[in-house]
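> Mind folding the following:
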Amino acid sequence: MTESDDTPDIENLDLGNVDPELILPDSVIDVMTEQELDAYLKLLHQNANEWRLQPHQQRAEDLATQVDEIMFGGSAGPGKTEWLMWHTWHQCLKYPGLRALMIRRTFPQLRRSLIERSLLRFDPKQAKYMPS
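Here you go, the predicted model:
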């Protein structure tokens with residue numbers, strides 16, 4: 001953010017998380033006014049911070065409404081934990097008062113996967129991490 005307002009800095013923008021359709025060519029950005037550029041940067045930052053499912057995660061989410069159990073396996077990296085957190089978060093929003101427990105075999109596994117990610121993803125006004 002700049003010091004004068006809440007306009008995001010371009011240096012802090014992770015374009016890897018932005019919808020590619022929103023990326024404008026340099027030739028267009030070069031002719032933008034300061035106000036247009038500020039509005040564009042705000043849009044990009046907002047889009048980069050949205051929590052989106054990958055296609056295979058979306059398939060699991062679509063199936064979750066039709067079945068009682070889902071088996072989502074594979075090696076590390078395909079997004080099983082991210083989908084489980086997304087699904088659990090949205091179930092808690094859908095059913096106020098719902099409590100969820102996510103566990104791992106060991107605490108270091110829990111800290112590396114679920115705790116770190118949940119602290120980044122979940123709104124602290126709505127979710128609470130309660131260390132013992």
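
> hey, where'd the strands end up in the chain?
Counting by DSSP state E, one finds no strands in the chain.

> which other residues reach stretch 53-65?
70, 72, 78, 79, 82, 83, 86, 87 (C-beta atoms under 8 Å, 6 or more residues apart in numbering). In short, each C-beta sits where N, CA and C put it, glycine included.

> Flag the least confident of these.
Ranked by pLDDT, the contacts of stretch 53-65 bottom out at residue 78, which has 72.

> Can you tell me the closest non-neighbouring residue to that residue?
residue 56 (6.6 Å; C-beta to C-beta, 6 or more residues apart in numbering).

> now the one you found: how far from residue 35?
40 Å (C-beta to C-beta, to the nearest Å).

> quick one, which of those two is more surrounded?
Remark: of residue 56 and residue 35, residue 56 carries more neighbours, 14 against 9, as counted by other C-beta atoms under 10 Å.

> Now do the contacts for the spatially most central residue of the chain.
Nearest to the mean C-alpha position of the chain, by C-alpha atoms, centre = their mean, lies residue 51 at 2.9 Å. By C-beta under 8 Å, 6+ apart, the contact set of residue 51 is 86, 121.

> Mind pulling the model confidence for it?
With respect to pLDDT, residue 51 has a value of 77.

> and it, how far is that from residue 25?
Applying C-beta to C-beta, the value for residue 51 to residue 25 is 27 Å.
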